[in-house]
Each structure stands twice: as structure tokens, then as C-alpha cells.
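Chemist: predicted coordinates and the sequence they were generated for:
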Amino acid sequence: MRRSFEYRAASLQQEAEFARYRSAVGSIVITALALLSFYTLALSMLPSFENFLAVNFVLSPIIIVFFAAFFFPVIRRSGFPAAFFGFCLDNWRAALPFAAAASLVFLAIAVFLKWILITTVPQLHGLDLISFTKIRIGGQDETGTAWYWVALSLYLLLTPIQEFVARCGIQAPLYAFLQGSAFKRGVLAILVSNLVFAAVHAHIGLAFALVAFIPGLFWGWLFLRTNSWLAASLSHLFVGGAAIFFFGIYEMLARTA
């Protein structure tokens, strides 16, 4: 009877824990679907809105903040500890150096691939390996102005918020909720969260959204490996910032479109 009682108590505790996971993930799924539906319906109006702003880098920060504003209360009301979502500082001494080293390797491979593309793809002949992105102000492209540094500052400020939505808001709860081996749960959680991450870049262009999916997989793996929002954010800042502001990913996509 004692063993039976202990087994029943453990079973009830497991069921309660699963119910908490299900409730948290249910709220996240509803939030993600609602936001993606709204974003998709508004997608046709976004280019006009961007033209109205006359600054080509303002729209993305608005969308990022919009998504984060809805995910933050969902995470806060979930009842789970901060470490559940990757908000932990006890592992930063190992996580941040690992993220920096892995990001250097990833960026080196990306630069090497860009060099191969420049030498082999006719549309990219003459493209510089290192090229600063152009900021469009009032229909005119500008480089090296104050607007460039404003855009870079916004990127540095809002990139951790992107990782908050994709990794903490979607990937972490999915990984805990899904059943199966750790490998299967990790792969599915990374793929699903990264599809959302890539989809919200569609207003920039389909090609950019598809390209963003690739480093997103890397950041998802890094988050899974370290369980650290800081590590994923650091890598995103380093790799994504270099690709956009110093290695001309926009110009590459424009030439191959």
C-alpha cells in the first residue's frame, strides 16, 4: 500500500507538471498563431508603411517590439522559473566563450562561402568581400552617415529581443513539452521556432527570410547547447551584425534576385 500510494502521488505530480507544460505551450502557440496571422494580413501594407517612414530600417524594430510585447506577459504568467526560458547567469562563464568561439567559426565559413560565390556566380563578380550596408533615407542610399550608426545601434539594441521571442518564447517551451528523445525534441523545437523567426523577416523579402533561416538554425542549436539567452544573443549580435553591416548581405541578395 505504501508503494502504491507513492506511485500514485508521483503519477499525480507528473500529470500536474504536464498540465502546466501544456497550458504554457498552449498560450504560446495561440500567441504565435495570432501574431503571425496579423503579420500576414498586414504584410501587403508594410511596404507602403515603410515608404511613408522614408527610412528603410525602422519597420523591422517596430515588428520586433510588437511581437515581444505580446510574448513577455505570456512568459511572465507561465509560472516557470527564469532558467526554464534560458534566463540564467550561473553558466555564463562557460556559455559566452563557447558562443563566441562557435560564432567565429560560423562567420569564417560564411565569409569563405561568400568568396566562393563572388568568384563563381556571374551576378556577383566585382562585389567586395567586405562592404558596408546602405541605409535608404528618403529614397536615397547613404553609407557612412549618422543614419548608418543609428541603424547599427538599433540592431544591437533589438537583437536580444529577437532571441527572446524565438528562443525563450517558443523554442524553450516546445523542447520541454514535446515527447521523444532529447535529439528529436531539440530538432523539432529548433525547426518550429526558426520558421517563426524566418517568417517575420518576410517583409524584407522572401530571399532574406530564407537566408535568415540558416543562421537561425545555428542560434537555435547554440541556445539548446547552452540554455542561455545571453549566449544566443551574443552570437546573433556578432554574426548577424557582421553579415548585415560589414559583409553586404542585402547587396548580395539584390544582385541575385
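Modeler: Structure received.
Chemist: which stretches of the protein form strands?
Modeler: Shown for the chain, the strands assigned by DSSP state E span residues 135-137, 140-142.
Chemist: show me the contacts for Leu206.
Modeler: Applying CB atoms under 8 Å, 6 or more residues apart in numbering, one finds that Leu206 lies in contact with no residue. (Glycine included, C-beta is placed from N, CA and C.)
Chemist: and it, how far from Leu43?
Modeler: In this structure, Leu206 and Leu43 are 11 Å apart, going by CB to CB, to the nearest Å.
Chemist: same thing with Leu113?
Modeler: In this structure, Leu113 and Leu43 are separated by 30 Å, where distance is defined by CB to CB.
Chemist: is Phe197 in contact with Gly216, as I believe?
Modeler: Yes. At 4.7 Å, Phe197 and Gly216 qualify as touching, with contact defined as CB atoms under 8 Å.
Chemist: what touches both of the two?
Modeler: Shared contacts of Phe197 and Gly216, defined by CB under 8 Å, 6+ apart, are found at Ala166.
Chemist: so where is the stretch 101-250 of the chain shaky, pLDDT-wise?
Modeler: The model of the stretch 101-250 of the chain has pLDDT under 70 over residues 134-145.
Chemist: tell me the contacts of the closest residue to Asp128 other than its chain neighbours?
Modeler: On the basis of CB to CB, 6 or more residues apart in numbering, the spatially nearest residue to Asp128 that is not a chain neighbour turns out to be Gly248, at 7.1 Å. Counting by CB under 8 Å, 6+ apart, Gly248 makes contact with 127-128, 130-133.
Chemist: quick check, nearest of the residues you listed to Leu36?
Modeler: Proximity of these to Leu36, judged by CB to CB, is greatest for Thr133, which lies at 27.1 Å.
Chemist: separation between that closest one and Ile244?
Modeler: Thr133 sits 6 Å away from Ile244, going by CB to CB.
Chemist: shared neighbours, the two?
Modeler: Contacts common to Thr133 and Ile244, judged by CB under 8 Å, 6+ apart, are Tyr250.
Chemist: got phi/psi on Ser78?
Modeler: For Ser78, the backbone dihedrals (degrees, to the nearest 10) come out as phi -70, psi -30.
Chemist: got a list of what the residue lying closest to it once chain neighbours are set aside touches?
Modeler: Closest residue to Ser78 apart from its sequence neighbours, by CB to CB, 6+ apart: Ala24 at 4.3 Å. Taking CB under 8 Å, 6+ apart, we find Ala24 in contact with 78-80, 173, 177.
Chemist: most neighbours among those, which one?
Modeler: In terms of neighbours by other CB atoms under 10 Å, these top out with Pro173 at 25 neighbours.
Chemist: noted, bye for now.
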